[in-house]
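# Here is my input; please provide its structure:
(2 chains)
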Amino acid sequence: DTGVSQDPRHKITKRGQNVTFRCDPISEHNRLYWYRQTLGQGPEFLTYFQNEAQLEKSRLLSDRFSAERPKGSFSTLEIQRTEQGDSAMYLCASSLAWPGVPGNTIYFGEGSWLTVV
Amino acid sequence: QQPVQSPQAVILREGEDAVINCSSSKALYSVHWYRQKHGEAPVFLMILLKGGEQKGHEKISASFNEKKQQSSLYLTASQLSYSGTYFCGSGSTGGTSYGKLTFGQGTILTVHP
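Residues are numbered from 1 along each chain as shown, chains lettered A, B, ... in the order given. As a prediction, the model looks like this:
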């Protein structure tokens, strides 16, 4: 399978615990995105990387959230001291970056469901 | 700013047609359409770039009117497999935001036999 893969697919955690999600993008894609989606809403942008550089972070991404892409391949999204409001599906996506061309196709992974109890 | 989609929900019988609209208050440089089934990831349908190109995918096509800052998705002769939530995403341009998508709130499409 050469699509975007995410792990774990489901995570239930107690409030206050830390959780980490992993994303493996499509192999030749140098852009990697993290989105969050709650029931009945469209995906909301959190952050994205071009290779290992984190180029933008949304204001939604509080200090408890951190994302890394250390070698420009896989990425991790860590949430510290989880709160019930963090319950959502965390989607990873990837694309090629073609400077000057706005039409990069972005492919999503299956998502990681987080439930904070 | 988030694109606005209309209608919020559509109910069809198999074989009927539907149109889903996506409007933006900001200039659109690209529009990306996705379909998402419950509990699954959004699946890419098509992308439209500035210039009013109409792209097709089986019996699904779309248009992009950059003057009106809107895009429409056309589903003809709908099939049961078309059921799901459709999202439009507007592509950003300029600076470090280049290429990221801002999604609308979605349109729920239900196709009945």
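
# Most proximal residue of chain B with respect to chain A?
residue B:103 (3.4 Å; Cβ to the nearest Cβ). For the C-beta atoms, the positions are set from N, CA and C on the backbone; glycine is no exception.

# tell me the contacts of residue B:105?
A:40, A:41, A:42, B:2, B:4, B:5, B:8 (Cβ atoms under 8 Å, 6 or more residues apart in numbering or on different chains).

# Show the backbone phi and psi for it.
Here is the backbone geometry of residue B:105 (degrees, to the nearest 10): phi -80, psi -10.

# Next: residue A:85.
The phi/psi pair for residue A:85 (degrees, to the nearest 10) is phi -70, psi -10.

# Can you pick out the most distant pair from the contacts of residue B:105?
Pairwise distances across those (Cβ to Cβ) peak at 15.2 Å, for the pair A:40 and B:4.

# who's more crowded, those two?
Between residue A:40 and residue B:4, counted using other Cβ atoms under 10 Å in any protein chain shown, residue B:4 has the larger neighbour count: 14 against 10.

# Could you give the number of residues near the nearest residue to residue B:50 once chain neighbours are set aside?
Among residues not flanking residue B:50 along the chain, residue B:66 sits closest, at 5.2 Å (Cβ to Cβ, 6 or more residues apart in numbering or on different chains). Using other Cβ under 10 Å, residue B:66 has 17 neighbouring residues.

# Output the contacts of residue B:105 in a markdown table, with pLDDT, secondary structure and distance to residue A:54 appended to each entry.
Converted to a markdown table, the contacts of residue B:105 look like this (pLDDT from 0 to 100; DSSP: H, G, I helix; E, B strand; the rest coil; distance: Cβ to Cβ, whole Å):
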| residue | pLDDT | secondary structure | distance to residue A:54 |
| --- | --- | --- | --- |
| A:40 | 87 | coil | 29 |
| A:41 | 91 | coil | 24 |
| A:42 | 93 | coil | 23 |
| B:2 | 89 | coil | 23 |
| B:4 | 95 | strand | 30 |
| B:5 | 97 | strand | 30 |
| B:8 | 96 | coil | 34 |
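
# So which residues of the chain form strands?
Looking at chain A here, since you left the chain open. A:5-7, A:10-13, A:19-24, A:31-37, A:44-50, A:53-57, A:65-68, A:75-79, A:88-95, A:107-108, A:112-116 (DSSP state E).

# Chain B was what I was after
Secondary structure of chain B (DSSP E): strands located at B:4-6, B:9-13, B:18-23, B:30-36, B:43-49, B:55-57, B:60-65, B:70-75, B:84-91, B:101-103, B:107-112.
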